[in-house]
Structures are given as structure tokens and as C-alpha cells.
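**Q** Sharing a sequence plus its predicted fold:
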Amino acid sequence: MQLFLDTANIDEIRQGAELGVISGVTTNPSLAAQEGIGAAAGYRAAVQEIADIIDGPISVEVVSTDAAGMIAEGRDIAEWIPNPWVKIPSTAEGFKAIAALARDGIRVNQTLVFSVNQALLGANAGSTVVSPFVGRLDDIGQDGIALVADIVAVYQKQNVATQVMAASIRGPRHCVLAAQAGAPISTIPYNVLTQMIKHPLTDAGLARFLQDWQQASGG
Ligand code: G3P
């Protein structure tokens with residue numbers, strides 16, 4: 001399972017890139033706003049900086065709600081960086097935009113996916129990936145990972161080329177469950193990435209190795 005970083009924070013992206021385990025980045029208007037990025041020009045500059053750090057797909061979300069606006073924004077975003085995935089929401093207008101952008105050869109990350117049916121529609125419209133929001137379904141008492149598993153199973157059964165990117169990942173356990181469910185990609189916040197690394201037995205084991213080595217070396 002590939003890991004993408006779900007952030008617009010440049011320091012986090014730099015640190016994630018240094019680890020050598022990150023294949024792409026996803027952003028959205030909320031994540032951009034958290035970094036003080038507002039207007040389209042600011043978003044473009046930030047996305048270009050991200051693309052200089054990460055040699056993989058960078059997801060950039062449209063903010064229009066009508067198909068014509070989304071298509072225009074998507075075509076513009078597609079010119080910003082070498083490997084853009086335009087994020088389009090799972091709405092009726094969104095599906096029109098996905099189909100139009102896919103016809104142009106522009107890759108689309110279909111976002112705000114909360115049902116298998118939305119994922120089926122996206123596959124037909126030409127989405128490159130669909131992003132089921134795991135944490136937000138858990139938040140309302142539903143099973144977010146079950147949705148990931150259901151979409152993966154249906155896509156496999158139907159030989160669909162669209163890929164599944166588990167999103168709205170809230171903790172390291174979600175990563176394990178998304179991988180077990182067969183998601184080929186998960187996009188994760190930076191704090192989840194650091195949580196994935198840590199294990200107290202690794203720290204204790206390393207301290208013991210170093211202590212034993214020093215004793216044996218007469219230190
Ligand atoms: O990629 C979508 C994701 O950022 C949403 O996460 O935690 O806001 O539900 P969250």
C-alpha cells in the first residue's frame with residue numbers, strides 16, 4: 001500500500017519525503033486554510049513548492065460547485081505541476097466535471113466518497129482514484145474501513161481500473177485496516193506517519209543493543 005501525506009504543511013512534507021516512504025501528497029481547501037493559504041495564486045505557489053519536494057502525484061481540490069467552474073479550475077490546476085490529480089467532489093456536478101476532465105486526459109481524485117455507489121459512478125466517469133473518507137464515517141457511527149473493503153472488492157470483481165485511496169485516516173490502526181482491506185493507497189496526516197514508526201520495544205531494544213556494545217567494548 002502506497003502512503004501519501006494528507007497535508008499542505010511544507011515542513012511536514014519535507015520531513016515525510018526524507019523518510020523515503022511517501023509516494024504523493026493530498027491537499028484540500030481546509031488543509032490549505034490551516035496553513036494560511038487562501039487565494040488561488042497562494043494555493044498554486046504552495047502546490048508548486050510541494051511538487052518540488054515530492055516526485056509523485058499531488059492532489060489539488062477545486063472550490064467551484066458547478067461543473068463548468070470545476071472543469072475550468074481542473075484544467076488550470078493541471079498546468080501547475082508535472083503530476084497533478086484534480087480533486088473533485090462526489091456530486092452530480094462533480095461527476096460531469098470528472099467525465100470532462102478524464103476525456104481531456106486529466107487525472108482525477110474523486111473526493112468525499114461515502115458510498116460504493118459513488119465509487120461506481122466515479123469509475124464510470126473516469127476517476128483515477130476514489131477517496132473514501134474513513135474517519136468521517138466512523139465519526140457518525142458507521143464503519144469507514146468496511147466502505148474501503150467494499151469498494152476494493154467491487155472494483156476487483158468488476159475489473160475496474162480506478163484505484164482506491166483510503167482518506168480521512170485518523171490513526172495508525174486505520175492504516176493497518178486499510179492495507180488489510182486491499183486499498184492500494186492511503187493518504188495520512190503527518191502525525192499518523194510518525195505514530196506508524198514508533199514502537200516502545202524498538203526504542204528499548206536499541207538502547208539495550210548500544211548498552212551491551214559499550215560494555216563489551218569496555219566503555
Ligand atoms: O483527504 C481527506 C481528509 O483530509 C479528510 O480528513 O480528518 O478532515 O476527515 P479529516
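**A** Ah, there it is.

**Q** Contact residues of this structure facing the ligand?
**A** 6, 26, 28, 131, 133, 135, 136, 167, 168, 187 (Cβ under 6 Å from any ligand atom). In short, each C-beta sits where N, CA and C put it, glycine included.

**Q** Report the distance from the strand or helix carrying the fourth one to the chain centre.
**A** Going back to what we said before, that points to residue 131. Element membership of residue 131 [criterion: DSSP states H and E] is strand 129-132. Taking the mean of its C-alpha atoms, strand 129-132 sits 8 Å from the chain's own mean (Cα atoms, centre = their mean, to the nearest Å).

**Q** Now find how far off-centre the following helix or strand past that strand is within its chain.
**A** Past strand 129-132, further along toward the C-terminus, the next helix or strand under DSSP H and E is helix 134-139. Centroid separation between helix 134-139 and its chain, computed with Cα atoms, centre = their mean, is 15 Å.

**Q** And for the helix or strand following helix 134-139, what's in contact with it?
**A** Later in the chain than helix 134-139, the nearest helix or strand by DSSP H and E is helix 144-157. Applying Cβ atoms under 8 Å, 6 or more residues apart in numbering, the contact partners of helix 144-157 are 113-116, 119-120, 123, 130, 132-138, 160, 162, 164, 166, 168, 174, 177-178, 181-183.

**Q** Kindly supply the PyMOL command isolating those of these that are buried.
**A** If you want just the buried ones from the contacts of helix 144-157 in PyMOL, going by 16 or more other Cβ atoms under 10 Å, the selection is:
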select buried, resi 113+114+116+119+120+123+130+132+133+134+137+160+162+164+166+168+174+177+178+181+182+183
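
**Q** Give me the most central residue, the protein.
**A** residue 187 (3.1 Å; Cα atoms, centre = their mean).

**Q** For the helix or strand where that residue lies, give me every contacting residue.
**A** Taking DSSP H and E as the definition, residue 187 sits inside strand 185-188. The contact list for strand 185-188, computed with Cβ under 8 Å, 6+ apart, reads 1-6, 23-24, 26, 59, 129, 131, 163-167, 169, 174-175, 178-179, 196.

**Q** helix or strand for the residue found closest to residue 193 once you drop the neighbours it is linked to in the chain, which one?
**A** Leaving out its chain neighbours, the residue that sits closest to residue 193 by Cβ to Cβ, 6 or more residues apart in numbering is residue 16, at 5.9 Å. Counting by DSSP H and E, the secondary-structure element that holds residue 16 is helix 10-19.

**Q** would you say residue 102 is within a helix?
**A** Yes: with DSSP: H, G, I helix; E, B strand; the rest coil as the criterion, residue 102 is located in a helix.

**Q** Next, the contact list for it, please.
**A** Applying Cβ under 8 Å, 6+ apart, we find residue 102 in contact with 108, 125, 126, 127, 128.

**Q** Look at the fourth one and tell me its secondary structure.
**A** Per three-state DSSP, the secondary structure class of residue 127 is coil.

**Q** Let me see the contact set for it.
**A** Applying Cβ under 8 Å, 6+ apart, we find residue 127 in contact with 88, 98, 102, 108, 109, 110, 162.

**Q** Among those, which one lies nearest to the ligand?
**A** residue 109 (8.8 Å; Cβ to the nearest ligand atom).

**Q** Cool, thanks, signing off.
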